[in-house]
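Trainee: no sequence for this one, just the structure:
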């Protein structure tokens, strides 16, 4: 019996370590793709836009002007798409200004892109949040708000971030459609997202509490000790 317990524990530790490497690799790949989109694709589209504007200035035929205007509009749209994707992959504001500013940026993008108003309550000190904790909490908030947009059928959600007793607490809630948690965890289309959130939080020694009921909304609470190892 003791041997089986030890074997299960070793399996758990190994699975957790593997999940950590996968998530770290994902973040590194996000950063790499984000840089390439900004440095190569974004710059190429910007140069193309400048050249189109130069051609438009010397073109004489009205039909040519019209076609160039269409092309410029397409390039501007593509640039905006690249910029949006770059920010989604790895918002520099998280590294540069901290978790609170990153959540403000996320709420603004969600409202502009999806029409979901996010009420933010931020009560914490960014200087006390290690970057690995900030990344994990930001990704959970991003996934949770994306799920609200896709499934909750509401126009508002709330995000609260605070630090109490050396513990960072993130709460994301809505009063939308809700769902059956057991069914979601057995559905391949949804369990991956739930598993990803749980693993991200566990890797920074935190815990996640998910509560939802059909017709009664959803609440996700993440608690991460700022003194690492406190939950281990």
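Mentor: Alright, I've got the coordinates. It should be emphasised that the depicted structure is a prediction, and the values quoted were computed from it without experimental measurement. Numbers count the residues shown, from 1 in each chain.

Trainee: please count neighbours and contacts with C-alpha atoms only from this point.
Mentor: OK.

Trainee: domains in the chain, by residue range?
Mentor: The chain breaks down into these domains under automatic domain parsing: 2-89, 116-225.

Trainee: do a quick rundown of the strands in the chain.
Mentor: For the chain, the strands defined by DSSP state E cover 117-123, 156-164, 167-174, 207-212, 218-225.

Trainee: could I get the domains of the chain as JSON lines with mean pLDDT and distance to residue 108?
Mentor: As requested, those are exported to JSON lines (pLDDT from 0 to 100; distance: least, CA to CA, whole Å):
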{"stretch": "domain 2-89", "mean pLDDT": "69", "distance to residue 108": "12"}
{"stretch": "domain 116-225", "mean pLDDT": "88", "distance to residue 108": "8"}
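
Trainee: just name the most buried of those.
Mentor: domain 116-225 (a mean of 18; mean count of other CA atoms under 10 Å).

Trainee: let me see the contact set for the residue nearest the centre of the chain.
Mentor: With distances taken as CA atoms, centre = their mean, the residue of the chain nearest its centroid is residue 142 (3.2 Å). Taking CA atoms under 8 Å, 6 or more residues apart in numbering as the contact definition, residue 142 lies against residue 106.

Trainee: how close does it get to residue 103?
Mentor: Computed as CA to CA, to the nearest Å, the residue 142 to residue 103 distance reads 9 Å.

Trainee: about what we covered before: in a markdown table, list the strands of the chain along with distance to residue 66.
Mentor: Conversion of those to a markdown table gives the following (distance: least, CA to CA, whole Å):
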| stretch | distance to residue 66 |
| --- | --- |
| strand 117-123 | 38 |
| strand 156-164 | 41 |
| strand 167-174 | 46 |
| strand 207-212 | 53 |
| strand 218-225 | 50 |
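
Trainee: closest one to residue 187 among those strands?
Mentor: Across the strands of the chain, residue 187 has its closest neighbour in strand 207-212 (15.7 Å, CA to CA).

Trainee: which strands and helices sit next to that closest one?
Mentor: helix 188-203, strand 218-225 (3 or more CA pairs under 8 Å, 6 or more residues apart in numbering; DSSP states H and E).

Trainee: can you add distance to residue 48 and give the ones you listed back as JSON lines?
Mentor: Converted to JSON lines, the helices and strands packed on strand 207-212 look like this (distance: least, CA to CA, whole Å):
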{"stretch": "helix 188-203", "distance to residue 48": "38"}
{"stretch": "strand 218-225", "distance to residue 48": "45"}
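
Trainee: of all the ones you listed, which one is nearest residue 112?
Mentor: Between the helices and strands packed on strand 207-212, strand 218-225 lies closest to residue 112; by CA to CA that is 22.3 Å.

Trainee: what lies in contact with that closest one?
Mentor: 133, 137, 144, 166-176, 178-179, 201, 204-212, 231.

Trainee: now the angle from that strand to strand 167-174?
Mentor: Comparing the axes of strand 218-225 and strand 167-174 via axes from the mean of the first three to the mean of the last three CA atoms, to 10 degrees yields an angle of 170 degrees.

Trainee: starting from strand 218-225, tell me which strands it pairs with and how they run.
Mentor: According to DSSP bridges, strand 218-225 has the following sheet partners: strand 167-174 (antiparallel), strand 207-212 (antiparallel).

Trainee: how far off centre is that strand?
Mentor: On the basis of CA atoms, centre = their mean, to the nearest Å, strand 218-225 sits 15 Å off its chain's mean C-alpha point.

Trainee: give me the angle between it and helix 188-203.
Mentor: Strand 218-225 runs at 20 degrees relative to helix 188-203, counting by the same axes, to 10 degrees.
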